[in-house]
Structures are given as structure tokens and as C-alpha cells.
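A.B. asks: Predicted coordinates and the sequence they were generated for:
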Amino acid sequence: MATELGDLLAVAEGDALAGLYFPRHWHPPAAGSTGPEVSATGDPVFEATRTQLAEYVRRERTTFTVPTVTHGDAFSERVWDLLMGIPYGETTTYGAIARELGNPRLAQRVGQAVGRNPVSVLIPCHRVVGADGSLTGYAGGLERKARLLEIEEPAEAAEARLF
């Protein structure tokens, strides 16, 4: 699917988006697991995804309403649910999510679950940064993570930046 963020592999399951992957994604779906290739044009799930992503890039949308479905283990599903609670324009850390799960020693495991998020952007794993605020790991590439965070950056912060 061609989008303002580049070409994406979109996977639907029924009336929900089950996957959204950038090229060279770290954890793409297994070969042969996505079903037949279909045109994104005319498919309601893909059309809604493309429209909402375009609105997001134009800073006209801060939340997504495309239904999503994921099939992770219980821990990953809990992490992905917490990602959905990170407000637009804000970030959190892997350690903060681990603490929210009740065990600060789970930060590395949280990072693994975040990296395996099957629905990029809509489940906002790009909003998770390192403990020192640095951009760390992103299955779609750090340049894309930086771009997504830039899209969400408040106008006053962008104006104050020197570069």
C-alpha cells in the first residue's frame, strides 16, 4: 500500500487490520501467512488505513479508528494495550512500561514485545524511547521512528528546535 510514509505491507483479517509493516521490517509476517495479495484500492480496511495515515501525516488526526486485531502471547498483548494508552505527542520508556506491568526488571522483555508489534503506527510503538530519551530500536528503522515523532511534535517544540 502506497502511503505518505512510504510503501507499507498491510494485512487484514476480516474487517480489521492485522498487520502494517514497513519495508525491511525486523519481524515481518512469515512467508505465506498473509493470504492472497489483493489491491488496497476498494478494500474498506485498507482504504480507511490509507486515509487515516494521510490525515495523521498532515497532523489532522491524533487517534486511529481502524479496527485492529493482534495475535500475540498474553504478555505481548498487555504491552500492546499499554502502547495504545500513550497519548499522541508524548513518549514513554521501556522501563516505565515494565513498572506499569509491576516489574521494572521486565524492560528488556517489554522491548522485545514492542519490537514485535504487528500494527506499526496505529499501535504507537514509535512512542517508546530509551531511558535517556534517545531513539532506540524500531522495527521499521530509526529514521521512520524519528519521522513519526516529528509528526507528533507540538508546534512550540518544533519552533524551539535549532535543527
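C.D. replies: Structure received.

A.B. asks: neighbours around Val38, how many?
C.D. replies: 11 (other C-beta atoms under 10 Å). Every residue, glycine included, has its C-beta placed from N, CA and C.

A.B. asks: Helix or strand: which one has it?
C.D. replies: Assigned by DSSP states H and E, Val38 belongs to no helix or strand.

A.B. asks: now Glu60
C.D. replies: With DSSP H and E as criterion, Glu60 is part of no helix or strand.

A.B. asks: try Gly137
C.D. replies: Using DSSP H and E, no helix or strand contains Gly137.

A.B. asks: neighbours of the residue nearest to it when sequence neighbours are not counted, just the number please.
C.D. replies: Nearest non-adjacent residue to Gly137, counting by C-beta to C-beta, 6 or more residues apart in numbering: Gly115, 5.9 Å away. Residues near Gly115, counting by other C-beta under 10 Å, number 15.

A.B. asks: Can you give me the pLDDT of Gly115?
C.D. replies: Gly115 carries a pLDDT value of 94.

A.B. asks: how close does it get to Val38?
C.D. replies: Gly115 is 27 Å from Val38, where distance means C-beta to C-beta, to the nearest Å.

A.B. asks: and if you look at Leu149?
C.D. replies: 32 Å.

A.B. asks: Check His126 too.
C.D. replies: Counting by C-beta to C-beta - His126 and Val38 are separated by 27 Å.

A.B. asks: same question, Pro118
C.D. replies: From Pro118 to Val38 the distance is 18 Å (C-beta to C-beta).

A.B. asks: Could you give me the buried positions within stretch 20-30?
C.D. replies: Leu20, Tyr21, Phe22, His25, Pro28 (16 or more other C-beta atoms under 10 Å).
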